[in-house]
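Engineer: Quick one: sequence and predicted model below, then my questions.
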Amino acid sequence: SYFGYKLSVSVDYKHGFIRGIATGTASEHDGHHFDDVLDMENTGKLVDTDKGYDSAQRREMLKALDFQDGIQRKAQKNKALSQCQKKRNERIAKRRAKVEHVFAGIRHMGGKFVRCIGMARASATMTLMAACYNLKRLASFLHRGVDSFYKAKPSKRQLRLQTAKG
């Protein structure tokens, strides 16, 4: 058993649905779950994260995978962030608010406290919380008449690949 657990999520920017989750102990660093929640099937290529995920290696990986870097920068020891980097972090923080809304929604459903012992049970509990959150979000969309299953038209690149294969 562990003293506390951590939930990392991948959220759809357009609709706010949870696309992927990873659970770990509270003592683990946030960056350990980045690969687990990075959704390779996501059509949105912008990856927004907080400062806990910042590393040169991770930025190179995103570039190699054709994702757009939205990782907030953190100051280094004895070197403050430039004004440009501070503005960039502010822009990313505004987009990241959608993820914080997910955590607030889970908290309103009583999800901040996991009353179980063991990683497997905590993971199952958090997975069920995420599923409940998504169902609640879907019900809200259906009630308001929003098409939550809207799919964007395929990009020119996707059309070229389909034409080349077929």
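Structural biologist: Noted; the coordinates are in hand.

Engineer: Low-confidence regions, this protein specifically.
Structural biologist: Within the chain, the ranges that satisfy pLDDT under 70 run 1-2, 112, 148-154, 166.

Engineer: Tell me where this structure has strands.
Structural biologist: 5-11, 18-25, 46-49, 68-71 (DSSP state E).

Engineer: Would you mind giving the ones you listed as CSV with distance to Met61 added?
Structural biologist: Where you see a C-beta, it was placed from the backbone N, CA and C, and this is true even at glycine. Shown next, in CSV, are these (distance: least, C-beta to C-beta, whole Å):
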stretch, distance to Met61
strand 5-11, 15
strand 18-25, 17
strand 46-49, 10
strand 68-71, 10
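
Engineer: right, and the ones you listed - which one's nearest Gln57?
Structural biologist: Nearest of the strands of the chain to Gln57, taken as C-beta to C-beta: strand 68-71 at 11.3 Å.

Engineer: elements contacting that closest one?
Structural biologist: Packing partners of strand 68-71 (3 or more C-beta pairs under 8 Å, 6 or more residues apart in numbering; DSSP states H and E): strand 46-49, helix 56-64, helix 83-108.

Engineer: So which of those is the most surrounded?
Structural biologist: strand 46-49 (a mean of 20; mean count of other C-beta atoms under 10 Å).

Engineer: Out of the strands of the chain, which is closest to Phe113?
Structural biologist: That would be strand 5-11 among those, by C-beta to C-beta, at 10.1 Å.

Engineer: What residues of stretch 17-37 count as buried?
Structural biologist: With burial defined by 16 or more other C-beta atoms under 10 Å, the residues of stretch 17-37 counted as buried are Phe17, Ile18, Arg19, Gly20, Ile21, Ala22, Thr23, Gly24, His33, Phe34, Val37.

Engineer: how many other residues sit next to Ser10?
Structural biologist: 20 (other C-beta atoms under 10 Å).
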